[in-house]
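Peer 1: the following block contains a protein sequence and its predicted model.
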Amino acid sequence: MTMKRALLSVTALLLVQSEVQSLPRQEPAGRAVQSEIYIMNIDGTGLRNLTNHPAQDREPEFSPDGQRLLFDSERNGNADIFILNVDGTGLVQLTDSSAKEDHGAWSPDGRFIAYQYDVGDNTDVYVMSADGSNKTRLTNHTARDGWPDWSPDGTQIVFSSERDGHREIYVMHRDGSGWMGMVPL
């Protein structure tokens, strides 16, 4: 059993949306929504809010060693990627640009993070070191490339793309080379 599965067997992550009146983002029903990331024991005890911020905090993912969480937040006005220790300490912002940077995914060894970089009508897949350095663009296409994830051995990245006119799943080497279409969605 991997460390990630062992941790998930005793701990649960929750993404909770609660109604608040002071946030600028409005849902169709006219209510503002706040997303928070909570952690608790699998039996429901020990519920703790890890993010506790008025911005949207979402898409939590445990690091492979189970010690940190990767998540997206709009706390600086647009989506950026953050990491946080599972005890709620050590918040670090990894991305900070005018683009929407989200949908992060840890590499199996925890050394890299693949993510989506969205500027208007163009979305591409990037990878960075787990400390936020060495940001590298892996795809460069006019179509929307995004939602990356890693192969179990960390040698490839799978992503969705509309480069053939409709959404399909593609796979490429971790350096962005050798991409090929796999499955239409």
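Peer 2: Thanks, I have the structure now.

Peer 1: all contacts plus neighbour counts: C-alpha atoms, from now on.
Peer 2: Fine.

Peer 1: the closest residue to Asp145 other than its chain neighbours and Arg137: what is the separation?
Peer 2: Using CA to CA, 6 or more residues apart in numbering and skipping the chain neighbours, the partner closest in space to Asp145 is Ser161 (4.3 Å). Ser161 sits 15 Å away from Arg137, taking CA to CA, to the nearest Å as the criterion.

Peer 1: out of those two, which sits in the busier spot?
Peer 2: Neighbours per residue (other CA atoms under 10 Å) separate Ser161 from Arg137, with Ser161 holding more: 27 against 17.

Peer 1: report the beta-bridge partner residues of that one.
Peer 2: Asp145, Glu168 (DSSP bridges).

Peer 1: next up, the contacts around it.
Peer 2: Ala143, Arg144, Asp145, Gly146, Arg167, Glu168, Ile169, Tyr170 (CA atoms under 8 Å, 6 or more residues apart in numbering).

Peer 1: format those as JSON lines; extra columns: pLDDT.
Peer 2: Below are the contacts of Ser161 laid out as JSON lines (pLDDT from 0 to 100):
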{"residue": "Ala143", "pLDDT": "87"}
{"residue": "Arg144", "pLDDT": "90"}
{"residue": "Asp145", "pLDDT": "92"}
{"residue": "Gly146", "pLDDT": "93"}
{"residue": "Arg167", "pLDDT": "87"}
{"residue": "Glu168", "pLDDT": "90"}
{"residue": "Ile169", "pLDDT": "92"}
{"residue": "Tyr170", "pLDDT": "92"}
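
Peer 1: hmm, back to that, and the residue nearest to Asp145, what pLDDT?
Peer 2: You'll see Ser161 listed with a pLDDT of 91.

Peer 1: against Thr142, how distant is it?
Peer 2: Relative to Thr142, and taking CA to CA, Ser161 is found at 10 Å.

Peer 1: same question, Met180
Peer 2: Distance from Met180 to Thr142, by CA to CA: 16 Å.

Peer 1: cool, Asn76 as well?
Peer 2: Separation of Asn76 from Thr142 (CA to CA): 27 Å.

Peer 1: any low-confidence regions in the chain?
Peer 2: Within the chain, the segments meeting pLDDT under 70 span 1-33, 183-185.

Peer 1: ranges for the helices of it?
Peer 2: Assigned by DSSP state H, the chain shows helices spanning 3-10.

Peer 1: could you give the number of residues near the nearest residue to Asp131 once chain neighbours are set aside?
Peer 2: Nearest residue to Asp131 in three dimensions, chain neighbours excluded: Leu94, at 6.7 Å (CA to CA, 6+ apart). Residues within reach of Leu94, counting by other CA under 10 Å, total 19.
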